[in-house]
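Colleague: structure of the sequence below:
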Amino acid sequence: MLILGIETSCDETAASIVEDEAKVLSNVVVSQIDIFAEYGGVIPEVAARNHLEVMMPVVKKALADANKTWDDIDAIAVTHTPGLLGSLLIGTLTARTLAIIHQKPLYAVHHLKSHIYANWLNTKKTPEFPLLSLVVSGGHTQILKMSAHNDFEIIGTTRDDAVGECFDKVAKILGLPYPGGPAITSAGKNGDSNKYKFPKPNVENLDFSFSGLKTAVLRTVQKELNLPISHPSHDLKNHLSSQQVADFAASFEKTAVDYLLSKLEKAYAENPETKSFVVAGGVSANELLRSETEKRLPNVFFPERKFSGDNGAMVAAAAYFEIKSGVEPTDPYALNIMPRSSIA
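Modeller: Residues are numbered from 1 along each chain as shown. Here you go, the predicted structure:
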C-alpha cells in the first residue's frame, strides 16, 4: 500500500510517499526556519502564505523522488489537527482537492499520533504493546498510553507551556538563535550543568508545567548579573559572558530533561505492564534526552532524527495503521474535516 502523507501544521511544508507502515520512498520537507529565525518564532500568517507557495511543488517532488505516479497511490493522508489554523487550512485543502481529482481515499490524521508513528519508519524493530509514549515538541508535552495500534489514552499533559516552547524562550533570554533546542544543546556543550540549580515544577499526577521553569531561569540570570527583576529580558544577553551562557544552557537542559523523565518514570511505576517506551516530537532529537532515557528506562524507541520534526512520512505511517484498524476515510467534500480517530 502506497500512501501520500501531507504535513503543514506549523512552518514545515512536507510530503512523503510511504509503502505500508515503514518503507519511506520519498521525504520532502521545505522549512521556514530561516524566515522566522530573525523573529525568534513563527508568524502564523507568514507561515500560511509560504505553505501556499510551495505546497504543490513539494507534492510533485515527493512523487518524482519516489518514482511514482498518481496511479500508484492508494490513499492520501493529511494532518488535520492540532496546529496553526492557516497552515492546516493549506494542507487540508490541498489534500481534499487531490483526493477529489485523483479519486483517492482521504485520511485526516491527528498530528501527535503521527509523531508517535514516526518510530515505525525505516526500522525493523518496532515497539511492543502496551507502551508509554512521551510526546515532546514546541507545542505539546504529553504522556500517552497505548494498548494497541490506534488506541490512545492521554495520562499526562502540560498545563501551560510545552517543553519545546520553554527551550525557545530560554534561548531568547540567553541571546541564542531560534529554534532554541539545538542552540541550547550546542551552547551547553561547553557549560557546567551543575552550575545553576533550578526548581522542578511541583505538579500533581503525571501533568507538566514549564512556565515556572522559564521564569526561574529568567530570575536566576537577573540575579547572577545583579540586575533588578524589572530589567528587560531582551537586554540580558548583552550582559552575559559566553561561559555564563554555556553554564545556563547546560543547567537548564539538564533540569528540563530530568523533569521530563521523572514524570515518565512515575508513569512506568503506575503502569508496570509497559513493554516499550516511545519518545516522539521535535524535542525527541535532543541528545541528552536520548542518552538519559536509555539509561533510565528499558526498551526505548526514538525516531530517526530526520523524522523527529514535522514530516509527511509520519502522517502516512499513522494513516496506514488507521486503515488497518478499520477507520473509514474522510469525505473530502465535507465543509469541516473532522479526524475519524483522535488522541484528544
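
Colleague: tell me the domain ranges of the chain?
Modeller: Per automatic domain parsing, the domain ranges recorded for the chain read 2-118+306-324, 128-303.

Colleague: how far is the first one from where the chain is centred?
Modeller: Between the mean C-alpha location of domain 2-118+306-324 and the chain-wide mean there is a distance of 14 Å, by C-alpha atoms, centre = their mean, to the nearest Å.

Colleague: quick thing: my sequence starts at 7, can you match it?
Modeller: Yep, numbering from 7; the last one is domain 8-124+312-330 now.

Colleague: let me know the average pLDDT across that domain.
Modeller: Averaging pLDDT along domain 8-124+312-330 yields 92.

Colleague: quick one: end-to-end distance for that domain.
Modeller: End-to-end span of domain 8-124+312-330 (C-alpha to C-alpha, to the nearest Å): 13 Å.

Colleague: could you do the last one as well?
Modeller: Across its full length, domain 134-309 reaches 15 Å end to end, with C-alpha to C-alpha as the criterion.

Colleague: pLDDT at Tyr339, what is it?
Modeller: The model reports Tyr339 with a pLDDT of 88.

Colleague: got it, and Ile349?
Modeller: At Ile349, pLDDT is 58.

Colleague: how long is stretch 158-168 end to end?
Modeller: 20 Å.

Colleague: and if you look at stretch 7-26?
Modeller: End-to-end distance of stretch 7-26 (C-alpha to C-alpha): 5 Å.

Colleague: list the buried ones in it?
Modeller: Buried residues in stretch 7-26, defined by neighbour count with 16 or more other C-beta atoms under 10 Å: 8-25. Using the backbone N, CA and C atoms, a C-beta is placed for each residue, glycine as well.

Colleague: out of the domains of the chain, which is closest to Asp337?
Modeller: When those are compared by C-beta to C-beta, domain 8-124+312-330 sits nearest Asp337, at 7.9 Å.

Colleague: which residues are in contact with Val52?
Modeller: Contacts for Val52 (C-beta atoms under 8 Å, 6 or more residues apart in numbering) come out as 38, 41-42.

Colleague: ugh, wrong one, Ala72
Modeller: Each residue near Ala72 by C-beta under 8 Å, 6+ apart is listed here: 8, 23, 31-32.

Colleague: let's have the contacts of Val52 in a markdown table, adding secondary structure, neighbour count and distance to Asp80.
Modeller: Shown next, in a markdown table, are those (DSSP: H, G, I helix; E, B strand; the rest coil; neighbours: other C-beta atoms under 10 Å; distance: C-beta to C-beta, whole Å):
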| residue | secondary structure | neighbour count | distance to Asp80 |
| --- | --- | --- | --- |
| Gln38 | coil | 19 | 30 |
| Ile41 | helix | 14 | 34 |
| Phe42 | helix | 19 | 35 |
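
Colleague: spatially central, which residue of this structure would that be?
Modeller: Closest residue to the average C-alpha location of the chain: Gly287 at 2.8 Å, with C-alpha atoms, centre = their mean.

Colleague: do you know how far that one is from Thr85?
Modeller: Separation of Gly287 from Thr85 (C-beta to C-beta, to the nearest Å): 14 Å.

Colleague: and what of Ala319?
Modeller: Remark: distance between Ala319 and Thr85 (C-beta to C-beta) = 12 Å.

Colleague: ok, which stretches of the stretch 107-256 of the chain are helices?
Modeller: 117-123, 169-180, 186-194, 217-230, 248-276 (DSSP state H, counting those that start in this stretch).

Colleague: comparing the ones you listed, which comes out most buried?
Modeller: Mean neighbour count (mean count of other C-beta atoms under 10 Å) peaks for helix 117-123 among these, with a mean of 28.

Colleague: so where's the stretch 107-256 of the chain uncertain?
Modeller: Counting by pLDDT under 70, the stretch 107-256 of the chain contains no low-confidence range.

Colleague: between Ala319 and Thr85, who's got more neighbours?
Modeller: With neighbours defined as other C-beta atoms under 10 Å, Ala319 and Thr85 compare such that Ala319 has more, 34 against 30.

Colleague: could you pull up phi and psi at the closest residue to the more buried one other than its chain neighbours?
Modeller: Using C-beta to C-beta, 6 or more residues apart in numbering and skipping the chain neighbours, the partner closest in space to Ala319 is Ser22 (3.8 Å). Per-residue torsions, Ser22: phi -140, psi 150 (degrees, to the nearest 10).

Colleague: so what sits opposite Ser22 in the bridge?
Modeller: Beta bridges link Ser22 to Gly11, Asn33, judged by DSSP bridges.

Colleague: list the contacts of it.
Modeller: 10-11, 30-34, 68, 317-319, 321-322.

Colleague: try Asn277
Modeller: Asn277 makes contact with 136, 138, 151, 161 under the criterion C-beta under 8 Å, 6+ apart.
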